[in-house]
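Engineer: The sequence and its predicted three-dimensional model are supplied below.
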Amino acid sequence: MSNGNDVNSIADHLELKILKKKLDELSSREEQTKNKIESINSVLLSSNSKEMLMDYPDLVSEYNLNDLSGLFLKYRLKGINDHLQSNLLKIQKSKYLVQKSLQEAKICPDCNGQGSIVKVRIERDADEMPLADQTVITCSNCEGKGVKTYSTNESEDGNF
Ligand SMILES: [Zn+2]
C-alpha cells in the first residue's frame, strides 16, 4: 500500500507548489495592472494629458499612444482603463480561488510543507573530528505530503 501513498504525496506536494507559484504570478499581475490603472487615471485627470503622458513612456509604447492627442487620446485612455479594470477583476477572482485552495490544503507545521525532516546528529569522538550525521526522514505528521488536508464536510468546533 505504500506505493499508492507515495504517488499521492508527490502529487499533493506538486499541486501545492503549483498553487503557490500561481498565487505569486497572480499577485504580481494584479500589482502591475493596478499600477497601470493608476498611471492612466493620473494622465486622464491631468489638465494636459499629452504632456503628462511623457512621464509614462511604457504606456505610450505598449498602447501606441504616440500619435494621439486631445479627445482621441482621452477616449483611447478610457478604453484602456475599462479593459484593465475588467482584467483586474478576473485576476482578483482567480487569486481568491487559489488562496482558497491553499487555505483548504493546510501546510504541515512540522515540516513546513517539505514532507520530510532532516535530522542532524553530531557524533563526537575523543580524538576524531566531530561527525555530522544527517538523516532525512519522512514527516510523520503529514506522512510526507507536506499538507494537512481537512475535509470541509467535517464540522470544526468554533465557528467564526
Ligand atoms: Zn509534515
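Structural biologist: Received it, and whenever you're ready, just let me know what you need. Residues are numbered from 1 along each chain as shown.
Engineer: my read: Lys106 touches Val147, true?
Structural biologist: Yes. Look at Lys106 against Val147 with Cβ atoms under 8 Å: they come within range, at 6.7 Å. For glycine as for every other residue, the C-beta is placed from the backbone atoms N, C-alpha and C.
Engineer: CA atoms only for stretch 120-128 - export them in PDB, please.
Structural biologist: Backbone C-alpha positions of stretch 120-128 (Å, rounded to 0.1, in the frame of the first residue of the first chain) are rendered in PDB as follows:
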ATOM      1  CA  VAL A 120      21.300  16.200  12.200                       C
ATOM      2  CA  ARG A 121      23.200  14.200  14.800                       C
ATOM      3  CA  ILE A 122      26.700  15.300  15.800                       C
ATOM      4  CA  GLU A 123      28.900  12.400  16.900                       C
ATOM      5  CA  ARG A 124      32.000  13.300  18.800                       C
ATOM      6  CA  ASP A 125      34.900  11.000  19.300                       C
ATOM      7  CA  ALA A 126      37.700  11.700  21.700                       C
ATOM      8  CA  ASP A 127      40.400  12.000  19.000                       C
ATOM      9  CA  GLU A 128      38.500  12.500  15.800                       C
END
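Engineer: Just give the nearest non-adjacent residue to Thr33, would you?
Structural biologist: Leu88 (4.8 Å; Cβ to Cβ, 6 or more residues apart in numbering).
Engineer: Isn't that neighbour up against Lys34?
Structural biologist: Yes. Between Leu88 and Lys34 there is a contact under Cβ under 8 Å: 6.7 Å.
Engineer: picking that back up, can you name the next helix or strand after the one helix or strand the residue nearest to Thr33 maps to?
Structural biologist: Following DSSP states H and E, the helix or strand that holds Leu88 is helix 70-104. For helix 70-104, the following helix or strand on the C-terminal side (DSSP H and E) is strand 105-107.
Engineer: Can you give me the buried ones in that next one?
Structural biologist: Neighbour counts over strand 105-107 (16 or more other Cβ atoms under 10 Å) mark Ala105, Ile107 as buried.
Engineer: right, is that strand up against the ion?
Structural biologist: No. Using Cβ under 5 Å from the ion, strand 105-107 stays clear of the ion, coming no nearer than 8.5 Å.
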